[in-house]
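> just coords:
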C-alpha cells in the first residue's frame, strides 16, 4: 500500500462515555493549521519463537506493539494545542499553565490520505492521548525568508471500549470509494452518541 499525501486530520475530544465533545479539523485552512506528516507505529507485536524438538517450532505474534501516531502539524492554533495537551488555561488572562495537574483528555483521530489509484485512505485511531515533548525556538537568518517547520504531536493509542466492530481494536483502516464504509469508519472514530 503506497499512500499519496496527507489531506487532513480530524481530532475528536472524548467525554467519559466515549462520545465526541468537540471536533478539530486540520486541513490547511488559513490560521487553522495544516497537516504535514503522519506515521503510525507499533502495528505488529514482537515475534517470539517457541522451541521444541531442538528447533524453532512456533512463532508467537498475536496483537500489536505500542501503537502511536506521530503527527507533523503546521500552525496548530494555540487554543486547540492547549485542549489536546491538557494545559490549564485561565480564561481571564489567557495564560496557559503546564505542571503537576496537566492531563490530556482522551481523543480519537481520523487521518485521511489517498492511494496511487486516487481512492480514499482512512486510518482511525479510536482512543488515546496526545503528547508533545518540546517547544522549540530558533533564531532567524536575515539572509533567508522564514519557512515554518511542523511540530510533532504523538498520539498514544489504546483499544476501543465501545460496543461494536471496533471493540478491542486500536486502529481501523479503509481504502476505497464506498461511501457506506467511509461513513461507518468516521462514525466509529468520531461517535456522537455511545456506540455511534
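Cool, the structure landed. Quantities reported herein were computed from a predicted structural model and do not represent experimental measurements.
> could you pull up the mean pLDDT of the longest helix along the chain?
In the chain, taking DSSP state H as the definition, the longest helix is helix 179-189. Taken as a whole, helix 179-189 has an average pLDDT of 95.
> any idea how many residues pack against residue 132?
By other CB atoms under 10 Å, the residues close to residue 132 number 16. C-beta here means a position set from N, CA and C on the backbone, and glycine is covered the same way.
> circling back to that earlier point, how about residues contacting the longest helix of the chain?
Residues from elsewhere that reach helix 179-189, judged by CB atoms under 8 Å, 6 or more residues apart in numbering: 10, 12, 108-110, 120, 122, 124-126, 160, 162, 164-166, 172, 174, 176, 196.
> whichever of those end up buried, select them in ChimeraX.
Of the contacts of helix 179-189, the buried ones can be selected in ChimeraX as follows, counting by 16 or more other CB atoms under 10 Å:
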select :10,12,108,109,110,120,122,124,125,126,160,162,166,172,174
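> in strands only, show me the contacts of helix 179-189.
In strands, defined here by DSSP state E, the members of these are 10, 12, 108-110, 120, 122, 124-126, 172, 174, 176.
> quick one: the strands in the protein, in order.
For the chain, strands defined by DSSP E occupy the ranges 3-14, 20-26, 34-41, 48-52, 55-60, 68-74, 88-90, 95-97, 107-115, 120-131, 151-158, 171-176.
> the ones you listed into CSV, with extra columns for mean pLDDT and distance to residue 145?
Below are the strands of the chain laid out as CSV (pLDDT from 0 to 100; distance: least, CB to CB, whole Å):
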stretch, mean pLDDT, distance to residue 145
strand 3-14, 95, 24
strand 20-26, 95, 24
strand 34-41, 96, 18
strand 48-52, 91, 52
strand 55-60, 90, 53
strand 68-74, 96, 16
strand 88-90, 95, 33
strand 95-97, 96, 30
strand 107-115, 97, 29
strand 120-131, 97, 31
strand 151-158, 97, 20
strand 171-176, 97, 38
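> which one is the residue most central in space within the chain nearest to, not counting chain neighbours?
The C-alpha lying nearest the average C-alpha coordinate of the chain belongs to residue 109 (CA atoms, centre = their mean; 4.3 Å). Leaving aside its sequence neighbours, residue 109 sits nearest to residue 125 (CB to CB, 6 or more residues apart in numbering; 4.6 Å).
> what does residue 165 give?
Spatial nearest neighbour of residue 165, chain neighbours left out: residue 188 (7.2 Å); criterion: CB to CB, 6+ apart.
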